[in-house]
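Here is a sequence together with a model predicted from it:
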Amino acid sequence: MSDSALNSSGSILQSIGIFGGTFDPVHNGHVMVARVALEELGLNRLLIVPAAQSPFKPEAALAPAAARVELLRLALADLQRCELDLQEVEREGVSYSIDTVRAVAERFPEAQLFYLIGADHAATLPQWREAPALAELATFVVVPRPGEAVPVVPEPFRGQVLAGQPTDISARTLRAKLAAGEPIEDWVPPAVAEALKTMHLY
Ligand code: ATP
């Protein structure tokens, strides 16, 4: 658990995690990250924020947001203190983290915010929109991924690395398996596997 921070009146701050992504579709790697983050960071809440459109994947034709959200609901049903935050899909257009984190900071003005980011994205942080403002609003928590060196969180961002076993799963490989009709039972929670069979998304 992280050291608890205190506000000016000496009470312990709430810790809120933010985990964004396209989740196209959600897989066991995401679920594992959520579990480990809740535990290791001692989060009071973890907000899962599906993107409408990622700035990193501008050309990607994503599965419809409603389907990605439905699969996330199924995947996260058993995770206490984990909730879906639909602000990006409701805003539509390209989803920028600064808008999302500002909205969370307004909703939880007294909270300490932790923004989870895969090791594949961490080095790009200084190029994110309004990077200096973003760096002030949250602590960045880098999640190790197989095949990715774990970068030091770049200045001016503050951060730490999440412990736990990296999981060798990506949505891209999962989509390829689904398209090829290969079994996916080891890649997603059972309820998600069941739903994917009828959705024909990929
Ligand atoms: P794609 O293969 O389509 O690029 P993805 O599997 O990387 O997708 P995203 O929706 O882009 O999934 O992931 C959301 C966040 O979760 C990103 O920060 C990503 O780095 C992280 N993430 C995804 N899969 C894993 C994993 N297996 N281990 C750790 N982090 C992961």
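Nice, I can see it.

and the residue in the chain that the ligand sits nearest to, how many neighbours does it have?
With C-beta to the nearest ligand atom, the shortest gap between the chain and the ligand falls at residue 118, namely 1.6 Å. C-beta: built from backbone N, CA, C; applies to glycine. By the measure other C-beta atoms under 10 Å, the count of residues near residue 118 is 18.

pretty sure it contacts residue 147?
No - applying C-beta atoms under 8 Å as the test, residue 118 and residue 147 come out as separate, 11.4 Å apart.

returning to that earlier point: any idea what the residue of the chain closest to the ligand is bridged to?
Counting by DSSP bridges, residue 118 forms beta bridges with residue 143.

Next one: it from residue 175, what distance?
17 Å (C-beta to C-beta, to the nearest Å).

Check residue 200 too.
Taking C-beta to C-beta as the measure, residue 200 falls 12 Å from residue 175.

between those two, who's got more neighbours?
When residue 200 and residue 175 are compared for neighbours, residue 175 comes out ahead with 17 against 8, by other C-beta under 10 Å.

for that one, helix, strand, or coil?
State at residue 175, reduced to three classes by DSSP: H, G, I helix; E, B strand; the rest coil: helix.

show me what contacts the residue nearest to it when sequence neighbours are not counted?
Using C-beta to C-beta, 6 or more residues apart in numbering and skipping the chain neighbours, the partner closest in space to residue 175 is residue 202 (4.4 Å). The neighbours of residue 202, taking C-beta atoms under 8 Å, 6 or more residues apart in numbering as the test, are 25, 63, 175, 178, 179.

Quick check on those: which are buried?
By neighbour count, with 16 or more other C-beta atoms under 10 Å, those hold 25, 63, 175, 178 as buried.

buried stuff in the lowest-mean-pLDDT helix or strand in the chain?
For the chain, counting by mean pLDDT, DSSP states H and E, helix 119-122 ranks last in confidence among helices and strands (a mean of 86). Of the residues in helix 119-122, 119, 121, 122 count as buried by neighbour count, 16+ other C-beta under 10 Å.

and those as a markdown table, adding distance to residue 38?
Shown next, in a markdown table, are these (distance: C-beta to C-beta, whole Å):
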| residue | distance to residue 38 |
| --- | --- |
| 119 | 19 |
| 121 | 20 |
| 122 | 20 |
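
count of neighbours near residue 106?
Residues lying near residue 106 (other C-beta under 10 Å) number 8.

Who are the packing partners of the helix or strand harbouring it?
In this assignment (DSSP states H and E), residue 106 forms part of helix 97-107. Judged by 3 or more C-beta pairs under 8 Å, 6 or more residues apart in numbering; DSSP states H and E, helix 97-107 is in contact with strand 15-21, helix 87-91, strand 112-118, helix 131-137.

by how many degrees do the third one and helix 97-107 diverge?
Relative orientation of strand 112-118 versus helix 97-107 (axes from the mean of the first three to the mean of the last three C-alpha atoms, to 10 degrees): 150 degrees.

who's in contact with strand 112-118?
With C-beta under 8 Å, 6+ apart, strand 112-118 has contacts from 2, 5, 13-21, 33, 37, 41, 43, 97, 101, 104-105, 125, 137-143, 145, 148, 162.

Which members of these additionally contact the ligand?
21, 33, 143, 145 (C-beta under 6 Å from any ligand atom).
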